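Sharing a model that was predicted from the sequence below.
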Amino acid sequence: MSAFGGRAEVAAPPRRCGRILRYFRIFRWDKMDVIKIELIALDENGATLLRHRVSTPIGDYVGTLSAIADLVLSAERELCQKGTLGIASPGAVSTRTGLLKNSNSTVLNGRPLVRDLSQRLGRPIRLENDANCFALSEAVDGAAAAAHVVFGVILGTGVGGGIVIGKELIAGHNSIAGEWGHNPLPWATESERPGAPCYCGKSGCVETFLSGAGLARDYHSRTARHLTAKEIALAAAGGDRCAQECLTVYQDRLARSLAVVINLLDPDVIVLGGGLSNMVQLYAGLAALVGNYTFSDGIDTPIVRAAHGDSSGVRGAAWLWSTASPT
C-alpha cells in the first residue's frame, strides 16, 4: 500500500528499480496561481518522486473534480501504487454543513468537495486550508522546524494564515484560526478607508491591501498603469520611484497587520510564503517596523521566508496523514 498525503509501506514502482519506499502524494490549489492544480509525491524524507500540474477549469466545479481525479489516477498508474489523499485548498470545510466555505476560488464554495472526491476516487480524503498546510509544512521540516509556536503567512492572490503549536495544526473551533486576511487593515488612514470591496462581502480587509491585486491597485492609483505585483517589484528594483513608494506603503501595511498577530499570538517565528514573499525589498527593516506597532517595548520575533517555496502548501497536505493508509 502507499499513501497520498500519508505514510505507509509501499512496493516500489517498476521504474524505481525495486526499492521499497514510503511516500506521500498530495495536490493543492496554489493561491498565487489559482488557475493550476498541482499533485506531488514525496518519500518519507520529503524528497519529490513525482510532480504534475494542470490548468483548473475556471468556473467549472464538475470539470475541476474531473481534473483532480484524472491527476490522481494518472499518478497512480505512473507509480503503480494507490494512495491516500491530502488536499491543500483555499477556504475550509464548514463544521456546520460539511461544505467548502471562504474560498477565493468561489466556484468551490457551498460544494461538498471532500464527499464528491471521495466518491469519485473510492477512498477517504483529508482537506485543509492551504495556509494551514503551508504553516504545517514549514513547522515540521521547514524554516520554522526549531520553533514551538509558528504563524505561517500566505501573501499571494489571497492573504491567509495558519497556526501550528508543537508541530500540531490549530484549525480552530470554526475552522478559521489564523484568518488574519479578513480583518480590517489596522490603524487605517483616511486615504485607506473604507478600502476596496473584498470577495468575502466586506470592504477594507487586510487581503484587499496585501494581496497581489491590492499592490497592483495601489500602483495603478498612482500611475494609471497596470502592472502585476512581480512587475512592480522589478520596477522598484530598477529605480521606478512610484513602484518604490508602493512597496514602502505595502511594507508598512504588512507591519501593521503582523503587529496585531503578534499582540494576539506572540509566535516564536513568522514564516512568509506566497508569491509576494519573494519580494526581497519586504524584509529589510520589517521586524523593526512591526515593533513600532506592537504592545511591547520591542520585539525580536524572526520574520523569515519559507524554506520550501511554492511547494510548501502541497507538502503540508502530506502531513495531514500521519499514520493512515488507504483502505
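Arrived safely, thanks for sending. Residues are numbered from 1 along each chain as shown.

how about the nearest residue to residue 92 once chain neighbours are set aside, what does it touch?
Of all residues not flanking residue 92 in the chain, residue 175 sits nearest, at 4.1 Å (CB to CB, 6 or more residues apart in numbering). Yep, even glycine has a C-beta here, placed from its N, CA and C like the rest. By CB atoms under 8 Å, 6 or more residues apart in numbering, the contact list for residue 175 reads 92-95, 129.

From residue 131, how far out is residue 255?
Separation of residue 255 from residue 131 (CB to CB, to the nearest Å) stands at 19 Å.

Where do the strands of the protein begin and end?
Applying DSSP state E to the chain gives strands spanning 9-10, 21-30, 33-43, 48-55, 85-89, 92-93, 100-101, 125-129, 149-155, 159-165, 168-170, 269-273, 303-305.

Could you say which of the ones you listed is packed most deeply?
Greatest average neighbour count among the strands of the chain goes to strand 149-155 (a mean of 29), per mean count of other CB atoms under 10 Å.

Now that one: average pLDDT?
For strand 149-155, the mean pLDDT works out to 97.

Output the contacting helices and strands for that strand.
Contact here means 3 or more CB pairs under 8 Å, 6 or more residues apart in numbering; DSSP states H and E; on that basis strand 149-155 packs against helix 130-141, strand 159-165, helix 241-265, strand 269-273.

Point out where the stretch 201-327 of the chain drops to low pLDDT.
Across the stretch 201-327 of the chain, residues meeting the criterion (pLDDT under 70) sit at 322-327.

Could you pull out the helices in it for me?
Ranges of helices in the stretch 201-327 of the chain, per DSSP state H, counting those that start in this stretch, are 206-210, 212-223, 229-237, 241-265, 286-293, 312-318.

How far does the fourth one sit from its chain's centre?
Spelled out, that is helix 241-265. From the chain centre to the centre of helix 241-265 is a distance of 19 Å (CA atoms, centre = their mean, to the nearest Å).

now swap in the last one and tell me
Taking CA atoms, centre = their mean, one finds the center of helix 312-318 at 9 Å from the center of the full chain.

isn't residue 266 right up against residue 148?
No. In this structure, residue 266 is not within contact of residue 148 by CB atoms under 8 Å, at 11.3 Å.

If you count neighbours, what's buried in stretch 267-286?
Within stretch 267-286, the residues that count as buried by 16 or more other CB atoms under 10 Å are 267-279, 281-282, 286.

Stretch 72-80: which residues count as buried?
Neighbour counts over stretch 72-80 (16+ other CB under 10 Å) mark 72, 75-76, 79 as buried.

about what we covered before: packed most tightly, which of the helices of the stretch 201-327 of the chain would that be?
With neighbours defined as mean count of other CB under 10 Å, these peak in mean count at helix 312-318, which reaches a mean of 31.

ok, back up a step: and of the buried residues of stretch 72-80, the nearest to residue 100?
Within the buried residues of stretch 72-80, the smallest distance to residue 100 is 18.3 Å, found for residue 72 (CB to CB).

and the residue nearest the centre of the chain, what pLDDT?
Among the residues of the chain, residue 131 comes closest to the average C-alpha position under CA atoms, centre = their mean, at 3.5 Å. Residue 131 is assigned 94 on the pLDDT scale.

closest one to residue 293 among the helices and strands packed on strand 149-155?
Of all the helices and strands packed on strand 149-155, helix 241-265 sits nearest to residue 293, with 3.5 Å by CB to CB.

ok, of the buried residues of stretch 72-80, which one's closest to residue 168?
Residue 168 lies nearest to residue 72 out of these, by CB to CB, at 27.0 Å.
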